[in-house]
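fold the following and give me the result.
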Amino acid sequence: MNRILFIFMTVVTGLAITIPAAAQTDAVYSQSNFNMQLANPAYAGTWYGTGYMMNIRRQWIGMEGAPSTQSLTFQQQHFRQHAGWGLHILNDRLGKERKISLLGDYSYRIETNWRSYLHFGLRFGITGYSNNLDNYNTYDPDYDYDPAFQGVIEKYLIPNFGFGILLQSDDYQISLSVPRLIQLEYSSDVSRLNTYSELRHYLLSGSKVYRLSYHVFVKPSIRFMLVRGAPLEINPSLDFLLYPKFWMGGFYRYNESAGATLQWVFSRNMRFGYIFEFPVSRFSRQQFGTHEVMFSYEVNFTRNNRYNFRFY
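Residues are numbered from 1 along each chain as shown. Purely as a prediction, here's the structure:
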């Protein structure tokens with residue numbers, strides 16, 4: 001096991017060093033605090049049965065045209081427990097931009113020893129994109145309108161692919177993924193204005209669960225993200241579990257924002273979560289933070305009629 005873990009960490013560290021620094025264009029990856037499947041297709045099928053999750057995220061409350069994202073996710077483990085698959089629907093809005101995506105995930109796992117598994121995931125999906133440039137309010141004293149902002153950009157059934165690797169046990173997790181491999185550039189048929197809607201995100205994360213006492217656990221985590229046009233994003237977090245009912249903790253996104261997370265485990269098959277995020281720069285004067293809620297439901301939560309609490 002130690003040799004496999006060393007090889008895996010060597011590969012992901014090398015990739016993180018060699019990938020050129022890059023900017024976040026998709027707010028949905030912040031939701032991976034609750035749902036790793038949005039960021040890594042290898043996560044599909046890691047729950048003990050069939051799972052459903054809904055996320056609703058409202059960003060920068062109080063600002064006109066602020067990002068808003070909704071997602072509905074499904075995943076299921078194959079009956080032989082070596083493979084899993086999942087689906088998710090994403091509805092993302094930013095200003096006048098609208099994106100709806102339907103994504104499918106497939107994962108296969110190999111057992112490294114009796115306590116951990118190495119998952120490999122593939123993703124295929126389609127996206128519909130629209131952006132009505134005529135609806136933008138432009139400000140130029142020399143023109144009644146901006147010549148560049150004319151026409152409507154509409155694209156339908158645009159394919160994309162992704163992949164991920166996940167090393168996971170009951171108490172630790174290491175993830176490397178590229179959720180979308182194809183970078184998409186859209187242009188207006190009238191003004192030829194170009195806009196990038198989906199950039200290639202490189203995501204690397206890891207976490208470990210420690211027992212402080214019989215009923216208290218702590219989970220430190222860290223995530224790195226690279227996107228073209230921005231510096232490396234570093235996102236450490238720390239969560240405490242009051243077993244088996246409450247998760248609570250906080251996170252920090254370097255030079256951008258900080259936030260608090262809460263999660264209530266209703267029962268073996270239901271969870272509810274809430275995130276409040278606020279900027280740590282002068283940008284905080286223009287808005288009232290970001291809010292996100294999550295609800296998940298799991299069917300056949302037990303494996304072989306035994307209950308195993310899920311930390312991830």
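
hang on, isn't residue 88 packed against residue 71?
Yes - with contact defined as C-beta atoms under 8 Å, residue 88 reaches residue 71; the gap is 5.8 Å. Using the backbone N, CA and C atoms, a C-beta is placed for each residue, glycine as well.

what sits in contact with each of those two?
residue 38 (C-beta atoms under 8 Å, 6 or more residues apart in numbering).

tell me which element residue 278 is part of?
Using DSSP states H and E, residue 278 maps to strand 270-279.

any buried residues in the helix or strand following that strand, and which?
With elements assigned by DSSP H and E, the helix or strand that comes after strand 270-279 is strand 290-299. Buried residues in strand 290-299, counted by 16 or more other C-beta atoms under 10 Å: 290, 292, 294, 296, 298.

which one of those is nearest residue 124?
Using C-beta to C-beta, residue 296 is the member of the buried residues of strand 290-299 that lies nearest residue 124, at 23.7 Å.

residue ranges with poor pLDDT in the chain?
For the chain, the stretches with pLDDT under 70 are 1-32, 79-81, 133-152, 185-198, 282-287, 301-308.

returning to what we had before: who are the packing partners of the strand holding residue 278?
strand 257-265, strand 290-299 (3 or more C-beta pairs under 8 Å, 6 or more residues apart in numbering; DSSP states H and E).

now those strands as JSON lines including distance to residue 217?
Listed next are the helices and strands packed on strand 270-279 as JSON lines, based on distance: least, C-beta to C-beta, whole Å:
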{"stretch": "strand 257-265", "distance to residue 217": "12"}
{"stretch": "strand 290-299", "distance to residue 217": "19"}
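
was I right to think residue 51 contacts residue 75?
Yes - assessed by C-beta under 8 Å, residue 51 is found in contact with residue 75 at 5.1 Å.

so who does the closest residue to residue 208 other than its chain neighbours touch?
Distance criterion C-beta to C-beta, 6 or more residues apart in numbering; nearest residue to residue 208, sequence neighbours excluded, is residue 172 at 4.5 Å. Contact analysis of residue 172 by C-beta under 8 Å, 6+ apart lists 116, 206, 207, 208, 209.

any idea which of these has the most stuff around it?
Using other C-beta atoms under 10 Å as the neighbour criterion, residue 207 leads the contacts of residue 172 with 21 neighbours.

ok, that residue - contacts?
Residue 207 touches 172, 173, 219, 220, 221, 222, 312, counting by C-beta under 8 Å, 6+ apart.

likewise for residue 248?
Neighbours of residue 248 in contact, by C-beta under 8 Å, 6+ apart: 239, 240, 242, 260, 261, 262, 263.

give the pairing partners of the strand or helix carrying the first one; include direction for each.
To tie it back to what came earlier, the one meant is residue 239. Using DSSP H and E, residue 239 sits within strand 233-242. The pairing partners recorded for strand 233-242 under DSSP bridges are strand 216-226 (antiparallel), strand 246-253 (antiparallel).

now the angle from that strand to strand 257-265?
30 degrees (axes from the mean of the first three to the mean of the last three C-alpha atoms, to 10 degrees).

any chance you could list what contacts strand 233-242?
Under C-beta under 8 Å, 6+ apart, the answer for strand 233-242 is 24, 33, 209, 215-227, 247-254, 256, 261, 311.

now, which of the buried residues of strand 290-299 sits nearest residue 47?
Of the buried residues of strand 290-299, the one sitting nearest to residue 47 (C-beta to C-beta) turns out to be residue 298, at 5.9 Å.
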